[in-house]
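Asks: Here is the input, now give the coordinates:
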Amino acid sequence: MKPVLGKSRKRRVVATSVALPPKRLKSLLLIQALWVMASGLLLLSACTSAIAEQPSLQETVTTAIPTERAIGTPIGTAVVSLPQFTNSPSPSVTPKPLTIIVENTLTPLPSATSASSLPIVFPTEGATPESAWRPPLYPTPWALSPYDHFYFARPFSVNVVTWPIADYRYGGIFFRPEVVHTGIDLPADVGTPVQATGPGTVVWASWGLFNNAPDYKDDPYGMAVAIRHDFGYKDQPLFTIYAHLSEVDVVVGQVLEVGDVLGKVGTTGFTAGPHLHYEVRIGANDFFSTRNPELWLAPPEGWGILVARIMDTYQRPLLSYAIIVRSEATQRAWIVKTYGGIGANSDPCYNENLVLSDLPAGVYQVNVPYAGLNNRLEIQIFPGQVTYFAFQGFKGYNTELPPPSGIISTPTP
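Replies: Have a look, this model is predicted:
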């Protein structure tokens with residue numbers, strides 16, 4: 001039969017299924033499963049190789065490195081250790097613990113011990129009290145070198161915990177730039193008994209000491225006591241001043257011995273809180289004849305004093321200049337400022353403009369920043385002695401003492 005032109009031929013497709021034997025079907029399924037597993041293994045191997053080719057990642061930990069900062073407290077400026085964060089690899093670096101050290105608090109400090117215990121003078125007879133915050137004082141007068149004149153005991157009993165307020169040391173500036181602090185401020189509770197630091201006669205016991213006007217109640221010193229002592233220094237009389245008292249328990253002309261109570265701590269006069277303002281005057285009993293009391297108060301046994309002169313390269317004293325002193329043993333740090341200017345009188349032996357007393361014997365680091373550089377000095381504080389250094393700008397440090405010149409090392413009656 002011939003095909004008809006113009007008409008398409010339809011092809012019939014028939015779908016058929018072929019039944020496989022069971023054994024062959026199982027073989028095919030097994031082959032398929034093996035192929036999937038092989039593909040997965042190849043993919044995993046490729047990923048592992050890619051990861052191995054990437055740079056290795058190192059775990060880091062944050063380490064707190066202590067640094068200092070001054071903060072305000074109800075009793076003065078405190079020095080605290082604050083964290084400064086840096087990244088260090090782990091585990092080779094162990095973070096240092098963060099410690100906070102506050103100046104002028106009741107926290108006792110570790111102190112050096114001496115081989116023998118020296119007596120301390122107290123107002124009443126009996127056993128020497130124990131003190132948790134400091135050792136007993138060296139006996140007065142105390143002088144291991146011809147420069148020293150530690151003639152006075154402390155104005156509080158041994159159990160009263162107190163250091164000079166950091167911002168109110170001798171030579172500090174407040175109120176006005178031309179007014180410097182002519183003593184040290186010792187914080188204590190209102191009503192704390194104040195003791196005479198040396199034997200002598202009361203020459204003032206009222207208001208008005210600064211203005212020399214008895215009963216003048218607007219006087220900056222408030223209620224105050226002045227003692228002329230039974231001994232002098234280099235043929236000049238010595239006086240001690242006790243100001244801002246809440247009450248006065250002595251009268252003019254009264255003879256006192258070391259440790260006699262003369263009054264109680266208060267807030268009279270120009271004060272921001274309860275404390276004792278203590279001065280040492282030489283030659284005359286006036287505002288302009290003061291010396292740094294930290295060079296006249298006997299140190300605790302095993303503790304010493306740091307004395308310095310901080311200058312620029314041209315030997316000009318740096319005024320109100322802050323330096324840092326740190327104990328290697330305890331890591332306690334002090335921020336100390338130099339004298340502020342007119343009105344602060346240096347000791348003729350040291351010609352100093354910075355004093356830091358009550359330092360337990362040991363190794364210390366001194367850091368003086370100058371012209372963007374940190375100048376570090378390692379020094380040794382010795383028990384019952386003065387450690388001296390001078391800093392002169394780009395010329396650096398000098399630890400030699402000035403030569404003695406006819407210095408009297410014991411009190412003159």
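Asks: Could you pull up phi and psi at Arg326?
Replies: Phi and psi for Arg326, reported as degrees, to the nearest 10, are phi -130, psi 130.
Asks: residues contacting Cys216?
Replies: Actually, residue 216 is Tyr rather than Cys. 207-208 (Cβ atoms under 8 Å, 6 or more residues apart in numbering). In this view, the C-beta of every residue, glycine as well, is placed from N, C-alpha and C.
Asks: gap between it and Tyr233?
Replies: The gap separating Tyr216 from Tyr233 is 30 Å, by Cβ to Cβ, to the nearest Å.
Asks: Glu279 now?
Replies: The value you get for Glu279 to Tyr233, if Cβ to Cβ is used, is 15 Å.
Asks: Looking at those two, which has the bigger crowd around it?
Replies: Glu279 (26 against 20; other Cβ atoms under 10 Å).
Asks: unless I'm mixing things up, Gln236 is touching Val280, no?
Replies: No. Gln236 is beyond contact range of Val280, at 11.8 Å (criterion: Cβ atoms under 8 Å).
Asks: of those two, who's got more company?
Replies: Between Gln236 and Val280, counted using other Cβ under 10 Å, the more crowded position is Val280 (28 against 12).
Asks: and that one, that's in a helix?
Replies: No. According to DSSP: H, G, I helix; E, B strand; the rest coil, Val280 belongs to no helix; its state is strand.
Asks: show me what contacts it?
Replies: 152, 183, 238-241, 290-293, 296.
Asks: Take those residues and keep only those in strands.
Replies: 238-241, 290-291 (DSSP state E).
Asks: Ignoring the adjacent residues along the chain, who's closest to Arg309?
Replies: Among residues not flanking Arg309 along the chain, Ala390 sits closest, at 4.6 Å (Cβ to Cβ, 6 or more residues apart in numbering).
Asks: Give me the mean pLDDT for stretch 350-369.
Replies: Per-residue pLDDT over stretch 350-369 has a mean of 94.
Asks: what's the first-to-last distance across stretch 265-281?
Replies: By Cα to Cα, to the nearest Å, the extent of stretch 265-281 from end to end equals 20 Å.
Asks: Kindly report the same for stretch 343-354.
Replies: Terminal residues of stretch 343-354 are spaced 14 Å apart (Cα to Cα).
Asks: Name the residues that touch it?
Replies: Stretch 343-354 is contacted by residues 147, 170-171, 178-180, 182, 287-292, 295, 306-310, 317-319, 323, 336-339, 386, 388, 401-402, 404, 407 when judged by Cβ under 8 Å, 6+ apart.
Asks: Assign a three-state SS to Pro383, would you?
Replies: coil.
Asks: quick one: pLDDT of it?
Replies: 93.
Asks: what's the neighbour count on it?
Replies: Using other Cβ under 10 Å, Pro383 is surrounded by 20 other residues.
Asks: Next: the one 3 residues further on.
Replies: Counted by other Cβ under 10 Å, the residues lying close to Val386 total 25.
Asks: Over to the one 10 residues further on?
Replies: Here the neighbour count serves as a burial measure; for Gly396 (other Cβ under 10 Å) it reads 13.
Asks: which ones are touching it?
Replies: Contact partners of Gly396, counting by Cβ under 8 Å, 6+ apart, are Asn375.
Asks: and the residue nearest to Thr271 when sequence neighbours are not counted, what element?
Replies: Distances taken as Cβ to Cβ, 6+ apart place His244 nearest to Thr271, at 5.2 Å, with adjacent residues excluded. Per DSSP states H and E: His244 is located in strand 236-248.
Asks: do Leu262 as well
Replies: Assigned by DSSP H and E, Leu262 falls in strand 261-265.
Asks: on that earlier part again, closest to Gln365 out of the ones in strands among the contacts of Val280?
Replies: Arg291 (27.8 Å; Cβ to Cβ).
Asks: Tell me the pLDDT of the closest one.
Replies: So Arg291 comes in at 94 (pLDDT).
Asks: What separation is there between it and Ala213?
Replies: 25 Å.
Asks: Pull the number of nearby residues for the residue nearest to Thr271.
Replies: 25.
Asks: what about the nearest residue to Leu306 once chain neighbours are set aside, how many residues close to it?
Replies: Leaving aside its sequence neighbours, Leu306 sits nearest to Leu356 (Cβ to Cβ, 6+ apart; 4.4 Å). Using other Cβ under 10 Å, Leu356 has 22 other residues around it.
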